[in-house]
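**Q** What shape does this take:
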Amino acid sequence: MTAIQAFEELLRAKQIPLVKSTENSNGTSYSGSFQASPENEILFDIVFKEATKQTDVTITYHRLIACSNEDNRLQLVALINQLNQEKTSYYRLVLTNEGEVSLLFEGRTGEEILPLYEILLVGSSLLSDLMRELKFGLV
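**A** As a prediction, the model looks like this:
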């Protein structure tokens, strides 16, 4: 069984509705969203590089906040570095060239898919605290 097949079995068993895509050259992706707070819907995706027993996987929570003010970017970079050292667990915060902050995990997974699911849950639980600190840090 491949890691992707194991992940799809887990999605079915837990009734998690993610959208599958194999259209990009990065591998097979599964996209979804959830409400981090009443005003914030967070988009995320999980990308498996290959359909093999062991494969690289990336989890990305997109656009936690956006910073268009160039003056705030240096402050934001310092805050991201601090949070990456203190609070992000298996993940890391990244600032894109467009000024958007995402939360990213990169690793390997295999047929035993439950650890990846647990890492996904850790990311979801980190988000509200990280978003609060990011927004507070830019005020």
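
**Q** which residues of the protein score low on pLDDT?
**A** Residue ranges of the chain with pLDDT under 70: 137-139.

**Q** just checking, what's the longest helix in it?
**A** helix 114-137 (DSSP state H).

**Q** So which elements touch that helix?
**A** helix 3-14, strand 28-37, strand 40-48, strand 55-66, helix 70-86, strand 100-109 (3 or more CB pairs under 8 Å, 6 or more residues apart in numbering; DSSP states H and E). Where you see a C-beta, it was placed from the backbone N, CA and C, and this is true even at glycine.

**Q** I'd assumed E86 was in contact with L130.
**A** No - under the criterion of CB atoms under 8 Å, L130 is not in contact with E86, lying 10.5 Å apart.

**Q** residue nearest the centroid of the protein?
**A** T60 (2.6 Å; CA atoms, centre = their mean).

**Q** residues touching it, list them.
**A** Neighbouring residues of T60 by CB atoms under 8 Å, 6 or more residues apart in numbering: 44-45, 47, 102-105.

**Q** try Q35
**A** 41-42.

**Q** who's it bridged to?
**A** E41 (DSSP bridges).
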